[in-house]
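Student: I'd like to go over a predicted model; first the sequence, then the structure.
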Amino acid sequence: MLEILLAGGWALLPILICSLAALAIVLERFWALRRAAVLPPGLGAEVREWARSSRLDAAHLAALEKGSPLGELFAGALAVRDRPRELIKERIEDTGRHVVHRMERYLNTLGTIALIGPLLGLLGTVIGLIRMFLNVMAGGIGDPTKMAGGIGEALICTAFGLVVSIPAYVLHRYFRSKVSGYVVQMEKEATALLDDLSAPRPAPPRRRAAAPEAAATQAG
């Protein structure tokens, strides 16, 4: 394996750097986009129960905001829970844009690596062919080993460029799809909370006035 890497020449170095960056991004996104970390089970029902029972304070909201992306969305809505429905909806939309942006972190970089991988491989191919032609110009074509180095460098760079770009492209699409699925679920949970916050609160029961007969008896 080391011999193959050395045969690829210096043009292989940027491809290897891209492969390491792609690997780091993939591992980080797999961890950050776990379903339990984004959409904790039972959180929606728990928060709606908090809202109905008015058991909310600054500590609750701070813990909710830091717990998960869904919790951050809920905290944004609950922070303005006493406002009209349209204002609560606007706060949910604003918070949702920030949450989605964070869930898509590094995905543009991963997509860029998927795009430039074949281009870097093509660059290595061109460099390898140039090296081969220079060797031929210097010593002629009588010795095939003089062309072997350039051909090997071209093929290795092309292969490594594709090996890096294909998985990066597939995983980029996978993470994009995963984030889109999470967004749909978060919209459903946010709508349910918005309906609860906008529902009219039941009026407290009034004390019934004493009957006139009873009042007269008590006065007598």
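Tutor: In hand now; what should we look at?
Student: Tell me how many other residues crowd Val164.
Tutor: Counted with other Cβ atoms under 10 Å, the neighbours of Val164 add up to 26. To be clear about C-beta, it is placed using only N, CA and C from the backbone, and glycine gets the same treatment.
Student: Quick check: it touching Ser19?
Tutor: Yes: using Cβ atoms under 8 Å, Val164 makes contact with Ser19 at a distance of 4.6 Å.
Student: send the alpha carbons of the helix or strand hosting Phe30 over as CSV?
Tutor: Taking DSSP states H and E as the definition, one finds Phe30 inside helix 12-32. Presented in CSV, the C-alpha positions along helix 12-32 are these (Å, rounded to 0.1, in the frame of the first residue of the first chain):
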residue,chain,number,x,y,z
LEU,A,12,-1.9,12.4,-4.5
LEU,A,13,-1.4,14.5,-1.4
PRO,A,14,-4.4,16.8,-1.7
ILE,A,15,-6.6,13.7,-2.4
LEU,A,16,-5.5,12.1,0.8
ILE,A,17,-6.1,15.4,2.7
CYS,A,18,-9.6,15.5,1.3
SER,A,19,-10.2,11.8,2.3
LEU,A,20,-9.2,12.6,5.9
ALA,A,21,-11.5,15.6,6.0
ALA,A,22,-14.4,13.7,4.6
LEU,A,23,-13.9,10.9,7.1
ALA,A,24,-13.9,13.4,10.0
ILE,A,25,-17.1,15.0,8.7
VAL,A,26,-18.9,11.7,8.2
LEU,A,27,-18.1,10.5,11.7
GLU,A,28,-19.1,13.8,13.3
ARG,A,29,-22.3,14.0,11.4
PHE,A,30,-23.2,10.4,12.2
TRP,A,31,-22.8,11.2,15.9
ALA,A,32,-24.6,14.6,15.8
